[in-house]
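[1] fold the following for me, if possible:
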Amino acid sequence: MATDMSDAIRQISQDRGISEELILKTIENTLMAAYKRRFGSADNAIVRFSDDNREVSIYAQKQIVDGVYDPASEIDIEEARELNPDAEVGDEILIEVDPKDFDRGAVQSAKQTAHQSIREIQKDTLYSEFRDKVGEIIIGYYQRERNGNIYVDLGKIEGILPRKFQSPRETYHVNDRIKALIT
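    Predicted coordinates:
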């Protein structure tokens, strides 16, 4: 399973044209969203990736105290010394959180956050790719017609040829080549 994550990141990067850094940021945001949903706040959550991006861990950063008032951000000195014998009151300690502790709602919320982030990144990437091509003529392939608009396959994305820009003397069939001006 360890190699699966780095392979999956690489695959998503290639399939969707998204940089690996943005995918890692999305994974981090997803874990933070699940943590926040489970514990009420993600202020003390820290996400760390291994050097080869094969593993990801989430930690709760807690203040070591003598008498806990806020269990989300504090840990008792006795408990801290079980994890680290050198722990002192006032220190901070990182405690690994097992994602299996997240409830179903937290996982669902995190998945929605991830899907939304990836969609936004894709839209931004495609927009910036085509923004520079305004005024150029491109070739696409007729896919379908709906409400008078023609949907054209442009490779990574589907373009729309509105009825007002179509020639009334032309008819199109599935997979016909269409030359169009990007506006």
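
[2] contact partners for the residue nearest the centre of the chain?
    Among the residues of the chain, the smallest C-alpha distance to the mean C-alpha position (C-alpha atoms, centre = their mean) belongs to Thr26, namely 3.2 Å. Going by C-beta atoms under 8 Å, 6 or more residues apart in numbering, Thr26 touches Ala114, Ser117, Ile118, Ile121. In this view, the C-beta of every residue, glycine as well, is placed from N, C-alpha and C.

[3] using a markdown table, please lay out those together with neighbour count.
    Formatted as a markdown table, the entries for these read as follows, by neighbours: other C-beta atoms under 10 Å:
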| residue | neighbour count |
| --- | --- |
| Ala114 | 18 |
| Ser117 | 19 |
| Ile118 | 17 |
| Ile121 | 18 |
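
[4] distance check, Arg104 against Ala34.
    If you measure Arg104 against Ala34 using C-beta to C-beta, to the nearest Å, the figure is 11 Å.

[5] same thing with Ile18?
    When C-beta to C-beta is the yardstick, Ile18 and Ala34 sit 21 Å from each other.

[6] of these two, who's got more company?
    Neighbour tally, Ile18 and Ala34, criterion other C-beta atoms under 10 Å: the higher count belongs to Ala34, 27 against 19.

[7] relative to the whole chain's centre, how far out is the helix-or-strand element of the chain with minimal mean pLDDT?
    Across the helices and strands of the chain, mean confidence by mean pLDDT, DSSP states H and E is lowest for helix 2-16: a mean of 73. Helix 2-16 has its C-alpha centroid displaced from the chain centroid by 13 Å (C-alpha atoms, centre = their mean, to the nearest Å).

[8] before we move on, what about stretch 97-114?
    That offset, for stretch 97-114, works out to 14 Å (C-alpha atoms, centre = their mean).

[9] what do you get for stretch 119-133?
    On the basis of C-alpha atoms, centre = their mean, stretch 119-133 is displaced by 16 Å from the centre of the chain it belongs to.

[10] next one: stretch 133-141
    Going by C-alpha atoms, centre = their mean, the spacing between the C-alpha centre of stretch 133-141 and its chain's C-alpha centre is 29 Å.

[11] what's the span of that stretch, first residue to last?
    18 Å (C-alpha to C-alpha, to the nearest Å).
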